[in-house]
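Student: no letters, just coordinates:
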């Protein structure tokens, strides 16, 4: 019986999961199994994107036959030749000799290495940026060498805005009935496996991953379809941000990782004593026995934390074997940018510390805390001060409760700080309207219930929005409540362009209509409310619409997104430019255009902002003067002038002049 799943009308999941395999690549434990993802595209041409491991070949071929439903297979895109994805390629070609294999030049060579000569084989090799017309879409290929083999390519589908990402963005773990990350508690259940997968499989190639992320930023990506693990259809920016951190060897969270190798328990005791002191100072501490935990998990935790303690017994005048294995794994994966404290033990000739230091000195950007702590056999009471001093160096800022005196406050006069308003909780919504045959929508942040008999909402809308004028004329609107899984593309779609210039719903299929005939969003949305206007109040820049409810419905139980979620997890973070980079950086999203000149009509491929929102980087500081003027504290937009009009409105986020600060 086939187990194929439908992603869209013309895109199917035809992969399978292995829950019996003990170790991936015969190295990494798989307590939750592994999935081998494969995809079938049913356009005017049929396209299979990668095959699978032999372990799931039976269900794969049933899925493929059912999905094709008697059609020929036109193309097989091989993104990665590793056997867990290409082992069944030969069998697919036996069943479908009519198919053309599409792959990189290096992958073509590897096909011969794995399968020998295949009679009648037709291969089309592609390079970075080349396209393949399969009917209603032109697939674009992105070369991704060393992510994590040299032959890797990725495929971008503009119709579904999907990046078929080969091994990148994969995770350990078998898939069940739920295919999508937003159907699971990914952050709390799957993230550790995603990090373990990245650090062990891809982690050595951070610079190559950084190059890929930069290349992919030129495409509007709403789906990530990897070869392992859950599929992504929402909140892809959050997952991209994880890869940006990991590939730059930046810590995912602050804390201290303590790893010890102990023979009779005395080194373990010293490690636990230090860990306790760190915890008392307010640090989050992860404590592991290297003899018990797999080295791949230790490596994953090393990617997670910036600070590290290695506590080790001397063994045969050397390093305790499990700790040495851990250090070799760190070097093999090019670990860098960490602060390390060394705690050594030895009864008659302590040697582990010096040998550990030698390994660490062979890595880049490793700071070793001095002095190291050396114990003889067991930690003594007189070494307590050394232990305390080491804890202070590892976690200098002790967390303490602070009492604030309120004496005399009533006698003082305090100014109004606009930043205090950001402590008020705001949601984010898509407000839609319809006039004649024209649908439109915009992003808003102020929707509040004011009565319940009858149910009434007040909705604040900026007058500069075209949606505002449509509601004024028609008296109807719908509110779509955005959920935490919303992707940045929704804000690009409804907030970074005007309905006067574009049809915001062109090609946008995640919608339905309520009984009043207006659209509401069905994706990344947990509820919608259909409203009719019963009153309006003019407040200079905004109109406050008082509405009564015609219809309201819950779509999912997911939590609603907040402003904090948007700025912390959804909005792309500005990328830090390398010193050698010369060009222009988008002040809105951080995208870098590498060139000596910026075309005046250039549009940012990520956030769609114009050339006026770019700033020069990497040029000789003597020839480039810093911009002068006023910066919006909300979105970063710069108004270049010696004075700021008091009635000025930010063209990006629509906030008033009071939210601007002078650039000094």
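Tutor: Good, I have the coordinates. In this text, all values refer to a predicted model and were calculated from it rather than measured experimentally.
Student: who does the residue lying closest to residue 654 once chain neighbours are set aside form a beta bridge with?
Tutor: Nearest residue to residue 654, sequence neighbours excluded (CB to CB, 6 or more residues apart in numbering): residue 462, at 4.6 Å. No exception for glycine: its C-beta is placed from N, CA and C like everyone else's. Beta-bridge partners recorded for residue 462 (DSSP bridges): residue 542.
Student: residue 222 against residue 161, yeah?
Tutor: Yes: with contact defined as CB atoms under 8 Å, residue 222 counts as touching residue 161 (4.0 Å).
Student: okay, these two: which has more neighbours?
Tutor: residue 222 (22 against 17; other CB atoms under 10 Å).
Student: any idea how far the more buried one is from residue 69?
Tutor: Taking CB to CB, to the nearest Å as the measure, residue 222 falls 27 Å from residue 69.
Student: swap in residue 486?
Tutor: Residue 486 is 35 Å from residue 69, by CB to CB.
Student: of those two, give the one with the bigger neighbour count.
Tutor: Set residue 486 next to residue 69 and count neighbours by other CB under 10 Å: residue 486 wins out with 28 against 8.
Student: what's the nearest residue to that one once chain neighbours are set aside sitting at in phi/psi?
Tutor: Nearest non-adjacent residue to residue 486, counting by CB to CB, 6+ apart: residue 524, 3.8 Å away. Taking degrees, to the nearest 10, you get phi 50, psi 30 for the backbone angles of residue 524.
Student: begin at 116 from now on, thanks
Tutor: Okay, using 116 as the starting number, the last item reads as residue 639.
Student: give me the neighbour count for residue 639.
Tutor: Residue 639 has 25 neighbours, counted by other CB under 10 Å.
Student: hang on, isn't it packed against residue 596?
Tutor: No: look at residue 639 against residue 596 with CB under 8 Å: they stay out of range, at 10.1 Å.
Student: doesn't residue 324 belong to a strand?
Tutor: No: assessed with DSSP: H, G, I helix; E, B strand; the rest coil, residue 324 is helix; it does not lie in a strand.
Student: what about the residue nearest to it when sequence neighbours are not counted, how many residues close to it?
Tutor: Among residues not flanking residue 324 along the chain, residue 362 sits closest, at 3.7 Å (CB to CB, 6+ apart). Counted with other CB under 10 Å, the neighbours of residue 362 add up to 23.
Student: next one: residue 487
Tutor: 20.
Student: quick check: it touching residue 459?
Tutor: Yes: Residue 487 lies in contact with residue 459 (CB under 8 Å); the separation is 6.4 Å.
Student: which ones are touching the residue nearest to residue 324?
Tutor: Residues near residue 362 by CB atoms under 8 Å, 6 or more residues apart in numbering: 321, 322, 324, 325, 328.
Student: just the buried subset of those residues, written out for ChimeraX, thanks.
Tutor: With 16 or more other CB atoms under 10 Å as the burial test, the buried ones among the contacts of residue 362 are selected in ChimeraX as follows:
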select :321,324,325,328
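Student: low pLDDT regions in the stretch 416-565 of the chain?
Tutor: 514-540 (pLDDT under 70).
Student: and with 90 instead?
Tutor: Counting by pLDDT under 90, the stretch 416-565 of the chain contains low-confidence residues at 463-464, 497, 511-542, 560, 564-565.
Student: how about the strands in it?
Tutor: Taking DSSP state E, counting those that start in this stretch, the strands of the stretch 416-565 of the chain run over residues 422-430, 433-434, 451-460, 479-483, 488-490, 544-550, 553-559, 562-567.
Student: those: which one's closest to residue 773?
Tutor: Set against residue 773 and scored by CB to CB, these come closest in strand 553-559, at 19.5 Å.
Student: give the pairing partners of the closest one; include direction for each.
Tutor: Strand pairing for strand 553-559, determined by DSSP bridges: strand 544-550 (antiparallel).
Student: name the residues that touch the partner strand?
Tutor: Residues outside strand 544-550 that contact it (CB under 8 Å, 6+ apart) are 554-560, 562, 574, 576, 582, 585-586, 588-589, 591-597, 605, 609, 632-636, 640.
Student: restricted to buried residues, select those residues in ChimeraX.
Tutor: Per 16+ other CB under 10 Å, the buried members of those correspond to this ChimeraX selection:
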select :554,555,556,557,558,559,562,574,576,582,585,586,589,591,592,593,594,595,596,597,605,609,633,634,635,636,640
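Student: once you drop chain neighbours, what's closest to residue 218?
Tutor: residue 193 (4.1 Å).
Student: pull out the buried residues from stretch 302-313.
Tutor: For stretch 302-313, the neighbour count (16+ other CB under 10 Å) marks 305, 306, 307, 308, 309, 310, 311, 312, 313 as buried.
Student: measure it end to end?
Tutor: Taking CA to CA, to the nearest Å, the first and last residues of stretch 302-313 lie 15 Å apart.
Student: quick one: contacts of it?
Tutor: The contact list for stretch 302-313 (CB under 8 Å, 6+ apart) reads 143, 147, 285-288, 296, 299, 301, 343-345, 357-358, 361, 367, 411-412, 414-415, 418-419.
Student: same thing but at 6 Å, please
Tutor: For stretch 302-313, the surrounding residues in contact (CB atoms under 6 Å, 6 or more residues apart in numbering) are 285, 286, 287, 288, 361, 415.
Student: equivalent analysis for stretch 607-622, please.
Tutor: Residues outside stretch 607-622 that contact it (CB under 6 Å, 6+ apart): 545, 554, 555, 556, 557, 558, 581, 723.
Student: give me the sheet partners of the host helix or strand of residue 746 and which way each runs.
Tutor: Using DSSP states H and E, residue 746 sits within strand 744-747. Sheet pairing of strand 744-747 (DSSP bridges) gives strand 753-754 (antiparallel), strand 775-778 (antiparallel).
Student: any idea of the mean pLDDT for the first one?
Tutor: Mean pLDDT, taken over the full extent of strand 753-754, equals 80.
Student: again, but for the last one
Tutor: Confidence over strand 775-778 (mean pLDDT, whole number) is 83.
Student: chain center to that strand, what's the gap?
Tutor: Mean C-alpha position of strand 775-778 versus that of the full chain (CA atoms, centre = their mean, to the nearest Å) differs by 31 Å.
Student: pull out the buried positions in stretch 652-672.
Tutor: Quick answer for stretch 652-672 (16+ other CB under 10 Å): 657, 658, 660, 661, 662, 665, 670, 671.
Student: with stretch 472-485 instead?
Tutor: Buried-residue list, stretch 472-485, by 16+ other CB under 10 Å: 472, 474, 475, 478, 481, 484.
Student: can you put the residues you listed in a markdown table and add distance to residue 244?
Tutor: Shown next, in a markdown table, are the buried residues of stretch 472-485 (distance: CB to CB, whole Å):
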| residue | distance to residue 244 |
| --- | --- |
| 472 | 46 |
| 474 | 41 |
| 475 | 41 |
| 478 | 35 |
| 481 | 38 |
| 484 | 47 |
